[in-house]
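A.B. asks: sequence unavailable; structure follows:
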């Protein structure tokens, strides 16, 4: 029996996001044009349950979980990433890029503050204090 965890849900979303990006790039407008069928066969063994020679794909359970979280939408026989799912997948796949993209203003402000501090120290104590003369 397979136990769904928060980590496995994130791994699944990252896998789905990567598949979408491989096919469509970073385009939001094609989200509804790229379906993930209910019979989707995953690349990752984590989402395949084996019993002897029988394989059971667990994707439908994960699709339903992502749908409940608002990260995917369901049609008759397929699931689609939502804009929220795309963004969450981007965040999981590229955490540093996402952090810089969202918080770049704080980085600029911090750099300016550090430069201001350094220039104040140089102005107040002079260059001779820093060089040791």
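C.D. replies: Arrived safely. Please read all numbers here as calculations on a predicted model, not as lab measurements.
A.B. asks: all helices for this structure, in order.
C.D. replies: Counting by DSSP state H, the chain has helices at residues 6-24, 59-68, 83-93, 95-131.
A.B. asks: could those be laid out in CSV, adding mean neighbour count, mean pLDDT and distance to residue 74?
C.D. replies: (C-beta placed from N, C-alpha, C; glycine too.) Output for the helices of the chain, formatted as CSV (neighbours: other Cβ atoms under 10 Å; pLDDT from 0 to 100; distance: least, Cβ to Cβ, whole Å):
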stretch, mean neighbour count, mean pLDDT, distance to residue 74
helix 6-24, 16, 94, 14
helix 59-68, 18, 94, 5
helix 83-93, 17, 93, 12
helix 95-131, 10, 76, 26
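A.B. asks: tell me which of these sits nearest to residue 76.
C.D. replies: Residue 76 lies closest, by Cβ to Cβ, to one member of the helices of the chain: helix 59-68, at 13.3 Å.
A.B. asks: hmm, back to that, can you add distance to residue 41 and give the helices of the chain back as TSV?
C.D. replies: Below are these laid out as TSV (distance: least, Cβ to Cβ, whole Å):
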stretch	distance to residue 41
helix 6-24	11
helix 59-68	8
helix 83-93	19
helix 95-131	28
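A.B. asks: the ones you listed: which one's closest to residue 37?
C.D. replies: Among the helices of the chain, helix 59-68 sits nearest to residue 37 (Cβ to Cβ), with 9.0 Å.
A.B. asks: show me how far the closest one is from its chain's centre.
C.D. replies: When distances are taken as Cα atoms, centre = their mean, to the nearest Å, helix 59-68 is centred 17 Å away from the chain's centroid.
A.B. asks: what packs against that helix?
C.D. replies: Under the contact criterion of 3 or more Cβ pairs under 8 Å, 6 or more residues apart in numbering; DSSP states H and E, helix 59-68 touches helix 6-24, strand 72-74, strand 78-81.
A.B. asks: adding distance to residue 49, write the ones you listed out as TSV.
C.D. replies: Putting these into TSV (distance: least, Cβ to Cβ, whole Å) gives the following:
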stretch	distance to residue 49
helix 6-24	12
strand 72-74	21
strand 78-81	19
